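S.K.: missing the sequence, but the structure's below:
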């Protein structure tokens, strides 16, 4: 029996209990970040999205960030989507059930089409995804996010510092950049959808 069966210390500070996080949530190659970094990112995302009622995690990977945020925002409706190539959807579903989280999982359609109605979400966030899909993918997903966001909805992006210029440039025609910050090797973008 491992001595690390208790919840992660940083989760305890957030008031969240998730047992065996390190063994159940496998890091996702596409994301390239550790479990500790996922917890840190969830903590940093929270103030940027905390008043969102309908929230989408765009390319959720192993789902840990979404589970943490859904626990912090229990009155919100959470959705998560991925192509499920780097992580098995059934494993994410199992962890959601174990952690008693309320998250609706979906699949991308035809590449990066989102299976949601227009102007449904208050907030869409994405962690370590846009840097992995190329310019054409970023343009397509940017248009899809704009379609599913309500007017004045927020698109929050966390990605590597290396791609900050490309992301800013490619999304400038779709969203207004409200805030940008850099911390611990990550870029944080807060965009707003405008008509």
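M.R.: Right, received. Where do you want to start? Note that this is a predicted model, so its numbers are computed, not measured. Residues are numbered from 1 along each chain as shown.

S.K.: what mean pLDDT does stretch 162-181 have?
M.R.: Across stretch 162-181, the average pLDDT comes to 91.

S.K.: now what about it, what contacts it?
M.R.: By C-beta atoms under 8 Å, 6 or more residues apart in numbering, the residues outside stretch 162-181 that reach it are 130-131, 135, 138-139, 142-143, 145-146, 154-155, 157, 159, 182, 187-194. No exception for glycine: its C-beta is placed from N, CA and C like everyone else's.

S.K.: Among those, name the ones in helices.
M.R.: Among the contacts of stretch 162-181, DSSP state H puts 135, 138, 139, 142, 143, 145, 146 in helices.

S.K.: returning to that earlier point: mark which of the contacts of stretch 162-181 are buried, thanks.
M.R.: Buried members of these, scored by 16 or more other C-beta atoms under 10 Å, are 130-131, 138-139, 142, 145-146, 154-155, 157, 159, 187-191, 193.

S.K.: how about the strands in this structure?
M.R.: 54-58, 77-82, 103-107, 121-127, 149-160, 175-183, 186-193 (DSSP state E).

S.K.: Rebuild these as CSV, extending it with distance to residue 93.
M.R.: Converted to CSV, those look like this (distance: least, C-beta to C-beta, whole Å):
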stretch, distance to residue 93
strand 54-58, 14
strand 77-82, 10
strand 103-107, 6
strand 121-127, 19
strand 149-160, 24
strand 175-183, 31
strand 186-193, 28
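
S.K.: Of all these, which one comes closest to residue 67?
M.R.: Closest approach to residue 67 among the strands of the chain (C-beta to C-beta): strand 103-107, 6.9 Å.

S.K.: List the strands paired with the closest one, with their directions.
M.R.: Paired neighbours of strand 103-107 in the sheet (DSSP bridges): strand 77-82 (parallel).

S.K.: Give me the distance between the closest residue to residue 184 other than its chain neighbours and residue 84.
M.R.: Distances taken as C-beta to C-beta, 6 or more residues apart in numbering put residue 40 closest to residue 184, at 7.1 Å, once the chain neighbours are dropped. Residue 40 sits 25 Å away from residue 84, taking C-beta to C-beta, to the nearest Å as the criterion.
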